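Trainee: I would like to see how this sequence folds:
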Amino acid sequence: MLQKELRKAKIKALLIHLLISLGIFLIIAGILIFYLFPSFYFGLSGGFRGLEMMFAIDMFIGPLLTLIVYNPKKSMRETILDFSVIALVQLSALVYGFYTVQTQHPKLLMLYQEANGAALPAYTVDGVDSLKDLPAGTDFTIEGVKTVMLVQKATVQSDPLSFDVMDIIKTKDAEAQPAVIFGYENPLKYKKQLRKADAYFRKRLQNEGFADELKNREKNHENTWLLFIEGKYEGAYILLDENFKFIAKIGAKEI
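Mentor: So this is what the prediction gives:
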């Protein structure tokens, strides 16, 4: 009889903790979906994985500890101490988990002339000075993420090791060979190059068997743009309207 009452009390405490944890998780999910991994970036950059990790941390650690330690026969002081420790453990795990997910979110979308684009995570952008301090005029965004075009600026005869590795591509292995210096610009200045890339991606998408899907997706839009963007976990064709607003993601593939 006593064991049955204890079991009921533990289950009740567990359910209450689960409801509280669910409320916290819904807030976290909203931040991930609408702020950290908006629109098509959610799939490309690992939003699903981040959501799964936060769900596991939030919905299992705290409630499980409650189920284990809660006992209605304990004094009020012991109960408060137990729940304080559980809250501290759960909060610490949530903070660590959220920080880990936050470092993975797309902070910069880099487009390459006549080539693919890449959604760069925060930990990559924050580790490169030239990406953290972008020049004036590069305030263009696609679905809430700052977007730049990587363009060739100059070719210099110098030691390539003296430059930022993100800004230079060596043409040969010899130390004294010319190096190409790249810079970051507003993509709207390079619509001609983007249109060439668009034509190339349309041919490639057609060869991959997605021509009909593309036709259906853009039938209500004019002057659309087609890009191929790679994130950390997925690459996909991204269809945008003439104002670079998201229409559809086509042909997604895991990386």
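
Trainee: okay, now the closest residue to Val151 other than its chain neighbours: neighbour count?
Mentor: Distances taken as CB to CB, 6 or more residues apart in numbering put Glu185 closest to Val151, at 5.1 Å, once the chain neighbours are dropped. C-beta here means a position set from N, CA and C on the backbone, and glycine is covered the same way. Under the neighbour criterion other CB atoms under 10 Å, Glu185 is assigned a count of 20.

Trainee: Next up, phi/psi of Glu185, please.
Mentor: Per-residue torsions, Glu185: phi -130, psi 160 (degrees, to the nearest 10).

Trainee: so what's it bridging to?
Mentor: Met149 (DSSP bridges).

Trainee: Next one, pLDDT for it please.
Mentor: With respect to pLDDT, Glu185 scores 88.

Trainee: Distance of it relative to Met110?
Mentor: Glu185 sits 11 Å away from Met110, going by CB to CB, to the nearest Å.

Trainee: do Tyr70 as well
Mentor: In terms of CB to CB, Tyr70 sits 51 Å off from Met110.

Trainee: Mind listing the shared neighbours of Glu185 and Met110?
Mentor: Val148, Met149 (CB atoms under 8 Å, 6 or more residues apart in numbering).

Trainee: so which strand or helix has Tyr237?
Mentor: Tyr237 is located in strand 234-240, with elements delineated by DSSP states H and E.

Trainee: same question, Pro135
Mentor: Residue-wise, Pro135 maps onto no helix or strand under DSSP H and E.

Trainee: Spit out the contact partners of the spatially closest residue to it that is not a sequence neighbour.
Mentor: With CB to CB, 6+ apart as the criterion, Pro135 has its nearest non-adjacent residue at 6.6 Å, and that residue is Tyr184. Tyr184 makes contact with Met110, Ser130, Leu131, Leu134, Pro135, Thr138, Val148, Met149, Leu150, Val151 under the criterion CB under 8 Å, 6+ apart.

Trainee: wait, which of those is closest to Leu51?
Mentor: Distance to Leu51, by CB to CB, is smallest for Met110 among those, at 24.9 Å.

Trainee: got a list of contacts for the strand or helix carrying the closest one?
Mentor: Taking DSSP H and E as the definition, one finds Met110 inside strand 106-112. Residues from elsewhere that reach strand 106-112, judged by CB under 8 Å, 6+ apart: 37, 41, 44-45, 117-122, 124-126, 131, 142, 145-150, 184, 187, 194, 227, 229, 231.

Trainee: Only the buried residues of stretch 7-21, if you could.
Mentor: Going by neighbour count (16 or more other CB atoms under 10 Å), the buried part of stretch 7-21 is Lys10, Ala13, Leu14, His17, Leu18, Ile20, Ser21.

Trainee: Filter those down to the ones in helices?
Mentor: Lys10, Ala13, Leu14, His17, Leu18, Ile20, Ser21 (DSSP state H).

Trainee: isn't the last one right up against Ile57?
Mentor: No - distance between Ser21 and Ile57: 9.5 Å, which falls outside the contact criterion (CB atoms under 8 Å).

Trainee: where do the contact lists of the two overlap?
Mentor: Looking at what touches both Ser21 and Ile57 (by CB under 8 Å, 6+ apart), the common residues are Gln90.

Trainee: Distance to Met76 and pLDDT added to the buried residues of stretch 7-21, as TSV?
Mentor: Putting those into TSV (distance: CB to CB, whole Å; pLDDT from 0 to 100) gives the following:
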residue	distance to Met76	pLDDT
Lys10	17	89
Ala13	14	90
Leu14	20	91
His17	18	92
Leu18	23	93
Ile20	19	93
Ser21	23	93
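
Trainee: Closest to Asp198 out of the residues you listed?
Mentor: Ser21 (45.7 Å).
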